[in-house]
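> Only the shape, not the letters, is given here:
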């Protein structure tokens with residue numbers, strides 16, 4: 001059973017274990033992702049790619065977040081909000097089979113479930129601004145049916 005929502009939750013918990021618990025990505029994959037997803041190959045593969053991509057690009061993602069939060073420092077963000085933002089940015093940039101709207105909506109839902117009452121709105125606003133910047137810089141590369149924005153061609 002391929003369930004990306006559960007895979008994202010497992011990835012978020014793993015990213016937290018690496019960031020806060022100082023676990024290795026291998027430990028997080030073995031103890032969190034594989035256990036949480038019952039070794040469902042496709043879900044494990046998705047979650048592990050999300051974990052590794054997010055961890056590997058953390059500083060670049062933090063810079064992007066910092067560029068889009070007004071009068072605030074990325075170091076002062078709630079840790080779970082920061083990790084959700086990093087994870088969503090990884091999906092936007094490196095998961096060409098996931099529509100941008102899905103990545104943002106999933107991040108909002110994770111923020112509502114795992115963070116504060118206001119985190120969903122906060123995550124939505126920051127990700128919308130980041131997506132706008134990434135689109136203007138032509139950094140969003142999606143392919144496949146339903147993933148490419150309409151160009152007006154009839």
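That came through fine. What you see is a predicted model; the values in this text were computed from it and never measured.

> So this structure: which segments form each domain?
1-56, 58-142 (automatic domain parsing).

> mean confidence score for the first one?
The predicted model assigns domain 1-56 a mean pLDDT of 95.

> mind checking how far it is from the chain centre?
Centroid separation for domain 1-56 versus its chain: 12 Å, with C-alpha atoms, centre = their mean, to the nearest Å.

> likewise the longest one?
Distance of domain 58-142 from its chain centroid, counting by C-alpha atoms, centre = their mean, is 7 Å.

> how about the helices of the protein, start to end?
Ranges of helices in the chain, per DSSP state H, are 4-19, 25-28, 34-36, 41-56, 58-68, 79-94, 100-114, 119-136.

> For the domains of the chain, could you give me CSV that also reports mean neighbour count?
Bear in mind the C-beta positions are built from the backbone N, C-alpha and C, glycine included. Output for these, formatted as CSV (neighbours: other C-beta atoms under 10 Å):
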stretch, mean neighbour count
domain 1-56, 18
domain 58-142, 17
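
> rewinding a little: can I get the helices of the chain in JSON lines with distance to residue 143?
Listed next are the helices of the chain as JSON lines, based on distance: least, C-beta to C-beta, whole Å:
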{"stretch": "helix 4-19", "distance to residue 143": "18"}
{"stretch": "helix 25-28", "distance to residue 143": "27"}
{"stretch": "helix 34-36", "distance to residue 143": "29"}
{"stretch": "helix 41-56", "distance to residue 143": "16"}
{"stretch": "helix 58-68", "distance to residue 143": "22"}
{"stretch": "helix 79-94", "distance to residue 143": "13"}
{"stretch": "helix 100-114", "distance to residue 143": "13"}
{"stretch": "helix 119-136", "distance to residue 143": "15"}
